[in-house]
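> with the sequence up front, the predicted model follows.
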Amino acid sequence: MKTFVAAVVTSLTLACVAAPSYAGDRAGVRDPHVNARQARQQARIVEGVRSGELTRREAHKVREDQRDIRQLERAYKSDGTLTAAERRDLNHELNQSSRQIRRQKHDAQSR
Ligand SMILES: [Ca+2]
Ligand SMILES: [Ca+2]
């Protein structure tokens, strides 16, 4: 009996853990995590321009990266589903653009 209860509890726990991604898939293309990252990076760029850490050229470059990511996101979502692999790729691109923003903000060049 104890084993049976443990098995039920385990499967319930697994169902709860699995639920968020399942709900995300059912919702189709919504991905608040990606959107939040995009908003944060956008804010970092604006901040970098304001502080002068990003030159005009650097700001242009990192904004192009942001635009490319939005295009990729649109393409991935165009079939009505954002798959786990597509989501992973978007986050990979966001990692790269984040590194790029950091690099440009902390290099020697400024306005
Ligand atoms: Ca897709
Ligand atoms: Ca710079």
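Thanks, I have it. Ligands and ions are numbered 1, 2, ... in the order given.

> not counting sequence-adjacent ones, nearest residue to the closest residue to ligand 2 within the chain?
With distances taken as C-beta to the ion, the chain approaches ligand 2 most closely at Q109, which sits 4.2 Å away. In this view, the C-beta of every residue, glycine as well, is placed from N, C-alpha and C. If you skip the residues right next to it in sequence, Q109 has T55 as its closest partner in space, 5.4 Å away by C-beta to C-beta, 6 or more residues apart in numbering.

> residue contacts, the one you found?
Q109, S110, R111 (C-beta atoms under 8 Å, 6 or more residues apart in numbering).

> ok, the residue nearest to the spatial centre of the chain to G28 distance?
Within the chain, one residue has its C-alpha closest to the average C-alpha position: by C-alpha atoms, centre = their mean, that is V34, at 3.0 Å. Here V34 is placed at a distance of 14 Å from G28 (C-beta to C-beta, to the nearest Å).

> what about D79, neighbour count?
Neighbouring residues of D79 were enumerated by other C-beta atoms under 10 Å; the total is 11.

> can you tell me the SS state at it?
The three-state label for D79, taken from DSSP: H, G, I helix; E, B strand; the rest coil, comes out as coil.

> domain ranges for the chain?
1-28, 31-106 (automatic domain parsing).

> can I get those domains in TSV with mean pLDDT?
As requested, the domains of the chain are arranged in TSV below (pLDDT from 0 to 100):
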stretch	mean pLDDT
domain 1-28	53
domain 31-106	97
